[in-house]
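Fold the following, please.
(one chain, ligands or ions: 1)
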Amino acid sequence: MIIKNIRNFSIIAHIDHGKSTLADRFIQICGGLNKRDMVDQVLDSMELEKEKGITIKAQNVSLNYKSRSNEFYQLNFIDTPGHVDFSHEVSRSLFACEGILLLIDVSKGIESQTLSNYYFAIKMKLKTVVVLNKVDLCVDNINPVIEQIENVIGISSSDIVKCSAKTGFGVIDVLERLIHDIPCPIGNINLPLQALIIDSWFDNYLGVTLLVCVKNGILKKNDKIKMMSNGLSYFVTKLGIFTPKRCYKEVLISGEIGWVVCSIKDIDSVRVGDTITLEKNPAVCFLPSFKKINPQVYAGIFPLHSNSYEKFCRAIKELSLNDFSFCFNVEHSVTLGYGFRCGFLGLLHMEIIKERLKREYGFELIVTSPTVSYEIVMKNHHIVYVNNPCEISLINGIIEFREPFVECCISFSFHKYIGKIIELCISKRGIQIDIIYKKNRIELIYHIPMVEVISKFFDELQIISNGYASVNYEFKYFKKSNLKYVNILICGKKIDVLGFVVPYNKAFSFGSKYINKLKSLIPRQQFDVVIQAAIGKRIIARSNIQQLRKNVTEKCYGGDVSRKKKLLEKQKRGKKAMKKLGHLSLSKEIFLSLMDIKV
Ligand SMILES: Nc1nc2c(ncn2[C@@H]2O[C@H](COP(=O)(O)OP(=O)(O)OP(=O)(O)O)[C@@H](O)[C@H]2O)c(=O)[nH]1
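You can find the predicted model right below:
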């Protein structure tokens with residue numbers, strides 16, 4: 001294929017606007033798969049993607065398209081996720097493209113994620129093709145959305161392509177517009193090799209596999225390549241493209257996107273965003289690349305069975321190879337042993353990692369309550385960031401405690417919900433920024449502490465809006481707050497993984513609610529169990545779980561008092577030993593339910 005007939009683009013849109021369905025139509029039209037292999041949303045191949053009906057991983061496909069003017073084009077496109085938690089997948093894929101297909105659901109119009117991805121593409125100077133999807137749903141009433149696109153994106157109505165990914169209407173027009181409007185890659189086949197690693201994953205048969213976009217030069221089988229970041233070199237054993245089936249090729253030329261296998265044993269030596277060159281004739285500079293995105297939500301992940309720790313480490317590393325935004329550090333908990341403190345881009349991201357560890361690697365896990373990263377100013381004016389609440393209790397000389405605030409955009413159609421949603425935002429310590437009235441929607445913009453958003457905000461919002469409100473949020477700033485770290489003690493012993501951070505004015509009510517929940521979950525023991533919540537040395541809430549009274553004198557019928565006394569003494573000694581040993585019957589399974597406590 002000659003470079004002038006290659007088109008690289010990403011399909012981007014808000015969640016559920018129909019990206020994967022449109023990708024299906026492209027694959028069908030270009031014959032990427034035969035009828036037998038074709039299923040709905042074929043690119044959502046992960047079990048979790050099928051189950052949840054969302055795209056989690058960006059998927060790359062190379063197709064041959066014969067245009068209306070009978071010319072052949074190679075279309076390399078990337079189907080990207082629409083959920084904000086996976087926006088790093090979108091930004092990463094844009095580095096491999098010259099254009100974007102911005103898909104808008106005609107029944108919903110432009111939504112927040114559509115715009116943020118569009119602005120990112122504009123920043124990268126990518127050409128945009130705007131496509132209005134689902135026109136089969138409301139053929140008569142598409143004018144308001146067209147007007148909205150004209151006003152917000154500034155594209156004239158004649159440039160908007162209309163289609164229905166479901167029925168196939170207008171899909172050829174979309175393909176024609178793509179080959180016409182999106183420029184070919186600007187790479188040069190004769191320059192030294194420069195290929196950008198845009199994704200990587202571990203395959204049980206092939207080992208580490210890289211997805212690369214060749215910007216300059218040619219990459220061939222048996223070439224000795226070099227990672228420009230660390231100088232490590234490898235022989236290319238196999239390479240090819242996805243149609244979306246894995247196809248083997250001999251070369252990838254400048255402008256192409258394909259997979260490369262080169263017997264990399266050490267997962268740590270691969271860095272997504274790195275540039276690959278040839279060892280013999282190396283390029284002198286790196287390709288422009290994407291930045292690592294900072295996680296927003298943190299949690300400790302521990303294997304339920306500590307003997308599987310080694311395997312668990314390997315699994316975590318393999319997952320991070322495939323998920324650029326997932327980060328981790330070893331964590332040791334007195335209660336749960338060794339595990340990892342992991343950072344995620346949001347709660348859905350955390351949920352997906354948890355599920356992947358369970359399904360793909362078969363681990364039973366204990367995941368601590370999600371928390372955020374706090375900014376702490378020390379006496380010496382140094383600033384530290386702490387994402388593990390129990391570390392806060394170990395820091396001396398804190399002069400300022402700052403917590404992250406997010407900008408929430410809560411969008412809903414019915415006016416009757418506005419009062420209750422505002423009340424909810426206020427109860428979550430929200431600061432109102434704006435109320436935007438759109439044609440058929442209202443948008444409330446609030447700045448809310450992130451920790452409030454990740455606890456029960458979504459559940460409560462769904463209840464008060466009968467499921468009609470949707471919310472998007474992004475980190476805005478750190479702000480000083482009067483926060484306290486609350487320790488949880490069981491039988492006088494600090495349980496590190498249960499400690500939490502709360503605003504001081506909520507600490508007492510929150511502490512006692514938490515203690516009551518714990519009380520309802522912990523089974524009665526052979527001895528009294530004291531549960532306490534404390535700020536420093538001050539106990540702010542306390543409760544007792546009464547012992548199970550075992551009548552040890554039951555069998556002593558009649559008289560002998562000294563015999564009864566002896567038995568009671570023995571029981572007392574036994575109880576003491578259990579306490580000393582910390583023999584509280586808190587199995588890890590019970591911990592699982594303790595981790596999920598929401599007050
Ligand atoms: N009526 C109609 N429904 C469509 C059309 N295109 C997609 N859908 C439906 O819209 C829903 C979402 O489609 P997807 O293709 O999964 O959307 P997506 O944008 O890939 O979703 P994410 O990857 O999760 O962001 C599915 O139920 C599709 O069947 C269309 O043109 N018309």
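
Walk me through the domains of the protein.
What automatic domain parsing lists as the domains of the chain is 3-181, 194-278, 297-370, 375-480, 484-594.

now for those domains, which one comes closest to the ligand?
domain 3-181 (2.5 Å; Cβ to the nearest ligand atom). Using the backbone N, CA and C atoms, a C-beta is placed for each residue, glycine as well.

Can you show me the helices along the stretch 101-250 of the chain?
Here the stretch 101-250 of the chain has its helices, by DSSP state H, counting those that start in this stretch, at 112-123, 143-152, 171-181.

Just the C-alpha atoms of the shortest one, please, in PDB.
Output in PDB follows, covering the C-alpha atoms of helix 143-152 (Å, rounded to 0.1, in the frame of the first residue of the first chain):
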ATOM      1  CA  ASN A 143     -32.300  20.200  13.100                       C
ATOM      2  CA  PRO A 144     -31.800  21.200  16.700                       C
ATOM      3  CA  VAL A 145     -28.800  18.900  17.000                       C
ATOM      4  CA  ILE A 146     -27.400  20.200  13.700                       C
ATOM      5  CA  GLU A 147     -27.800  23.700  15.000                       C
ATOM      6  CA  GLN A 148     -26.100  22.700  18.200                       C
ATOM      7  CA  ILE A 149     -23.100  21.300  16.300                       C
ATOM      8  CA  GLU A 150     -22.900  24.400  14.200                       C
ATOM      9  CA  ASN A 151     -22.900  26.600  17.300                       C
ATOM     10  CA  VAL A 152     -20.600  24.600  19.500                       C
END
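
distance between it and the chain's centre?
Centre-to-centre, helix 143-152 and its host chain are 31 Å apart (Cα atoms, centre = their mean, to the nearest Å).

Buried residues in it, which are they?
Under the neighbour-count criterion of 16 or more other Cβ atoms under 10 Å, helix 143-152 has V145, I146, I149 buried.

same check, this time on the longest one
Across helix 112-123, burial judged by 16+ other Cβ under 10 Å covers S112, Q113, T114, S116, N117, Y118, F120, A121.

do it and the ligand meet?
No: judged by Cβ under 6 Å from any ligand atom, helix 112-123 and the ligand are separated, with a smallest distance of 8.4 Å.

Include distance to K317 and pLDDT when you put the buried residues of helix 143-152 into JSON lines, please.
Formatted as JSON lines, these follow (distance: Cβ to Cβ, whole Å; pLDDT from 0 to 100):
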{"residue": "V145", "distance to K317": "45", "pLDDT": "85"}
{"residue": "I146", "distance to K317": "48", "pLDDT": "86"}
{"residue": "I149", "distance to K317": "44", "pLDDT": "84"}
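
List just the nearest of the residues you listed to S520.
The shortest approach to S520 among the buried residues of helix 143-152 belongs to V145, at 50.4 Å (Cβ to Cβ).

Next up, the contacts around the closest residue to the closest one other than its chain neighbours.
Nearest residue to V145, sequence neighbours excluded (Cβ to Cβ, 6 or more residues apart in numbering): G109, at 4.8 Å. By Cβ atoms under 8 Å, 6 or more residues apart in numbering, the residues touching G109 are P144, V145, Q148, K439, R441.

cutoff 10 Å now
The contact partners of G109, taken as Cβ atoms under 10 Å, 6 or more residues apart in numbering, are 14, 17, 132, 144-149, 152, 438-441.

pLDDT score for it?
Listed pLDDT for G109 reads 82.

Need phi/psi at it.
Taking degrees, to the nearest 10, you get phi 80, psi -170 for the backbone angles of G109.

Any figure for the gap between it and V84?
18 Å (Cβ to Cβ, to the nearest Å).
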